[in-house]
Structure formats: structure tokens, C-alpha cells
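[1] how would this look folded up:
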Amino acid sequence: MGDKQIFVDTNILVYAHDLDAQEKHQIAKTKIQSLWDQSFHPSTSIQVLQEFYVNLIRKNVPLKTARETIMDYLAWDITRNDEILLVEGMRLKERWDISFWDALILAAAKSAKARILWSEDFATDQEYEGILVVNPLK
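    Numbers count the residues shown, from 1 in each chain. As a prediction, this is how the structure comes out:
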């Protein structure tokens, strides 16, 4: 990991695989592909992969394809949900007055020692305790 560590939120993964997202799809697909080409593994979390799986199913992706897609992303640095993440998520929710689910994403990014959080849901260029939010779609 290190200074380059990037944590990827659900929406960026969804756009990378959603052919109906047109321009956002092309941008996200290119950005995600660039992460696969790096010398380090990007980060995400079990929460993100769970949300991503549900979104794939909602978009009528065949179950086998959805499962195989999630399995591919398990090669990344995966933050697992546990009691430490839960407590940190609650603290971050209170500190930043954000949704609990977003706070868990921040807690996971922090646990992964990410310096950058790729997301469309957070305020772009906002810094949360050393994690800079970047919207890679812009």
C-alpha cells in the first residue's frame, strides 16, 4: 500500500460495468482498468462488494457473471467488516455528520491506509482525516 493507495466506492464499480451509463461507463471502465495495471492493489471493502453485487443483480446481470465479477475484485486489498470498523464508522458518522453507510466506507478506506477515495457520493475534494475524495468521473 502506501501513499498511492486508492479506495474505490460502489458507484464507481457500478458505472464501470453498467453499459447503460454511457459516458460515465466509459470513464469509469478506463479508470478501473488503470487500477488493474498498477503495481499495487487498489482497495475496496466487503460492504462495497456486497452493494456492487446487489446492483449487478438489479441490472439483470446473470448470477454467474455477477459472482465471477465479484470474485475478480477479491484480488484487490479488501477491508473486512468487523467490530473495529463498526466503532470507527459510528465515530466518523458523528464527526462528519454523514450517513452511517458512507461513514463505514470512510472507515474502511482509513483501515486500508488509503489516501484517495474514488466516489461520486462524497463531496469532491473534501478531505476526511487524511483521505481525499476524488470523483474520477469528472
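
[2] Quick check: T30 vs L85, distance?
    From T30 across to L85, the span is 30 Å (Cβ to Cβ, to the nearest Å). In short, each C-beta sits where N, CA and C put it, glycine included.

[3] Of these two, give the one with the bigger neighbour count.
    Neighbours were counted for T30 and for L85 using other Cβ atoms under 10 Å; L85 has more, 20 against 11.

[4] which stretch of helix or strand covers that one?
    Secondary structure assignment for L85, by DSSP states H and E: helix 83-96.

[5] try L132
    Assessed by DSSP H and E, L132 sits inside strand 131-134.

[6] List of residues touching that strand?
    Around strand 131-134, the neighbours that count as contacts under Cβ atoms under 8 Å, 6 or more residues apart in numbering are 7, 106, 109-110, 114-119, 122-127.

[7] Counting neighbours, which of those comes out on top?
    If you rank the contacts of strand 131-134 by neighbour count (other Cβ under 10 Å), A109 sits at the top with 30 neighbours.

[8] which residues touch that residue?
    7, 43, 79, 117, 131.

[9] Excluding chain neighbours, what is closest to it?
    Nearest non-adjacent residue to A109, counting by Cβ to Cβ, 6 or more residues apart in numbering: F7, 3.8 Å away.
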